[in-house]
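> Make a model of this:
(one chain, ligands or ions: 1)
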Amino acid sequence: MDFLCRSIKDGSYRIYQDWGLLDNATSIVNAHQMRGPFFIISDDRVFRIYGKRLIQALSPASTFHFLVRPGETSKSLANWKHIQDFFLQKGADRRSIVVAFGGGVIGDLAGFAASTYMRGLDLIQIPTTVLSQSDSSIGAKVAVNHPQAKNLIGSFYQPKLVLTDPALLATLPQREFAAGLGEAIKYGVIADKELFNTLDEHIQEILSYNKEFLNQLILRCISIKIRVVEEDERETGLRKILNFGHTVGHALEQATHYRRFRHGEAVAWGMLAAGRIAIGRGMWDRAEFERLQSIIRRAGSLYPLGRLKPSQVLVSMKHDKKKVGKKLTFVLPEETGKVTLVSDITEEEIKESLRYIFSLDPKKTGRIN
Ligand SMILES: NC(=O)c1ccc[n+]([C@@H]2O[C@H](COP(=O)([O-])OP(=O)(O)OC[C@H]3O[C@@H](n4cnc5c(N)ncnc54)[C@H](O)[C@@H]3O)[C@@H](O)[C@H]2O)c1
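This is a model prediction of the structure:
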């Protein structure tokens, strides 16, 4: 299956999704007249498992690769600089094509590096996690983190192609798989009640890596994301709904220096905090909120909050780059499949929602189910 994501300034790109697509990458890349050389940016783990297959798929074109350590801390300015040096040393020029091969960390880092070198090299995204296949590889946002705020340094940069192969998810560690489902569940709440119902009824099949359900999940998320970013690529309006769960989620990540939580885990906690504010205001049905909580728990997307304190999360929220003036904007559900932006949330409501999520945390290591 393939989709077109229309973008402003003629930056439209195609997203191909198919089981086993990695091994057929050559035909798609050739059909798009992309001959290389290819500069693959990946992380050690992904490249160890799939690197040879990717190089094989791109042959006979010449390839170079640059690997970072797996994890959020690699999304740094230091790595951005190392990648620019690598491009320079290997003689990258305007014909060179950057291949972001990995999860959302690699997509964001490699995309940002591609966007700056010689004012922009062509970019192919090959996402390898649930989160990156269902969300981050589409929409053109690329960035690295600043120690004080996530994704602070970045830009909008459209790939030329996105190649999505859900078969690659087979090797994802269980924690990463469950964390990625956090963002996928988000799509059910913000835009698709049917998806929400499917997740509720079939989360077990998805967790068991059922090909049909997994394929459908990724496809539905891709089409929602395309719909949202086509209407509002620059996040001046509709795209903000994608931030459901992110106000508290980003603060959890920042307060723990991006080391404790996977992004999807932080978003899962953040969705529970936002949902709690919504039902506190009488905006959303309590039974639906409980359903959300049940899906998130069964998906295994919550990671213990540990020694973190609500007050630390609150401080981090004050650094949120989406804060306009002194107000924090929250995305809150009005009904399942429909959310709205609310910017008059009081500090007391935020504190209450934090107390609530902390009350759910059994403060022990291991998963919360
Ligand atoms: N640009 C956007 O629009 C956007 C949207 C949402 C999230 N994000 C960003 O995405 C990042 C999180 O991405 P992520 O959850 O994909 O994490 P990730 O990129 O850190 O990958 C998670 C882990 O899984 C491993 N891995 C990846 N694919 C694998 C595979 N197929 N088999 C085995 N192991 C594999 C990686 O080595 C890594 O350790 C965050 O930085 C977040 O800010 C960006």
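> Ramachandran coordinates for Pro127?
Backbone dihedrals for Pro127, given as degrees, to the nearest 10, come out at phi -80, psi 140.
> The biggest strand by length in the chain packs against which elements?
Using DSSP state E to define each element, the chain has its longest strand at strand 149-156. With contacts taken as 3 or more C-beta pairs under 8 Å, 6 or more residues apart in numbering; DSSP states H and E, strand 149-156 sits against helix 104-116, strand 141-146, helix 246-255. C-beta here means a position set from N, CA and C on the backbone, and glycine is covered the same way.
> what angle do the first one and strand 141-146 make?
Computed by axes from the mean of the first three to the mean of the last three C-alpha atoms, to 10 degrees, the angle separating helix 104-116 from strand 141-146 equals 100 degrees.
> can you map out the helices along this structure?
25-31, 44-58, 77-89, 104-116, 130-131, 174-191, 193-207, 211-231, 246-255, 263-280, 286-299, 310-317, 347-360 (DSSP state H).
> and the longest one, anywhere near the ligand?
Right, the one you point to is helix 211-231. No - Helix 211-231 lies out of reach of the ligand by C-beta under 6 Å from any ligand atom, never closer than 8.4 Å.
> For the remainder of this discussion, apply numbering that starts at 419.
Right, with 419 as the first residue, what we last looked at is helix 629-649.
> List the buried residues in that helix.
Residues 631-644, 646-648 are the ones in helix 629-649 that count as buried (16 or more other C-beta atoms under 10 Å).
> Over to stretch 655-673?
656-673.
> how far is it from where the chain is centred?
Here the centre of stretch 655-673 is set off from its chain's centre by 11 Å, with C-alpha atoms, centre = their mean, to the nearest Å.
> Format the CA atom coordinates belonging to that stretch as PDB.
In PDB, the C-alpha atoms belonging to stretch 655-673 read as follows (Å, rounded to 0.1, in the frame of the first residue of the first chain):
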ATOM      1  CA  GLY A 655      -3.800  24.700  14.300                       C
ATOM      2  CA  LEU A 656      -5.000  21.100  13.900                       C
ATOM      3  CA  ARG A 657      -1.600  19.500  14.200                       C
ATOM      4  CA  LYS A 658      -1.600  20.500  17.900                       C
ATOM      5  CA  ILE A 659      -4.000  17.700  18.600                       C
ATOM      6  CA  LEU A 660      -1.100  15.300  18.100                       C
ATOM      7  CA  ASN A 661       0.200  16.600  21.300                       C
ATOM      8  CA  PHE A 662      -2.400  14.800  23.400                       C
ATOM      9  CA  GLY A 663      -0.500  13.400  26.400                       C
ATOM     10  CA  HIS A 664       2.700  15.400  25.500                       C
ATOM     11  CA  THR A 665       2.500  18.300  27.900                       C
ATOM     12  CA  VAL A 666       3.000  16.000  30.900                       C
ATOM     13  CA  GLY A 667       4.800  13.400  28.800                       C
ATOM     14  CA  HIS A 668       7.600  15.800  27.700                       C
ATOM     15  CA  ALA A 669       8.000  17.000  31.300                       C
ATOM     16  CA  LEU A 670       8.400  13.500  32.500                       C
ATOM     17  CA  GLU A 671      11.100  12.900  30.000                       C
ATOM     18  CA  GLN A 672      12.900  16.200  30.700                       C
ATOM     19  CA  ALA A 673      12.700  15.800  34.500                       C
END
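> Quick one: mean pLDDT over it.
The average pLDDT within stretch 655-673 is 91.
> Mind checking if that stretch is in reach of the ligand?
No - counting by C-beta under 6 Å from any ligand atom, the ligand has no neighbours in stretch 655-673; the shortest distance is 7.6 Å.
> pLDDT below threshold where in the stretch 419-568 of the chain?
Counting by pLDDT under 70, the stretch 419-568 of the chain shows low-confidence ranges at 426-428.
> and if you look at the stretch 619-768 of the chain?
Using pLDDT under 70, the stretch 619-768 of the chain drops low at 738-744.
> and if we set it to 90?
645-658, 672, 675-677, 735-747 (pLDDT under 90).
> for stretch 513-525, which positions count as buried?
Buried residues in stretch 513-525 (16+ other C-beta under 10 Å): 514-525.
> my bad, should have said stretch 676-685
Buried-residue list, stretch 676-685, by 16+ other C-beta under 10 Å: 676, 678-685.
> May I have the distance across that stretch, first residue to last?
13 Å (C-alpha to C-alpha, to the nearest Å).
> who's in contact with that stretch?
490-491, 493, 522, 548-549, 563, 568, 593-594, 596-601, 604, 663-664, 666-668, 670-671, 687, 719-721, 724, 726 (C-beta atoms under 8 Å, 6 or more residues apart in numbering).
> Kindly give a single ChimeraX line that selects the buried subset of those.
ChimeraX command restricting those to the buried ones, with burial defined by 16+ other C-beta under 10 Å:
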select :490,493,522,548,549,563,568,594,596,597,598,599,600,601,604,663,664,666,667,668,670,671,687,719,720,721,726
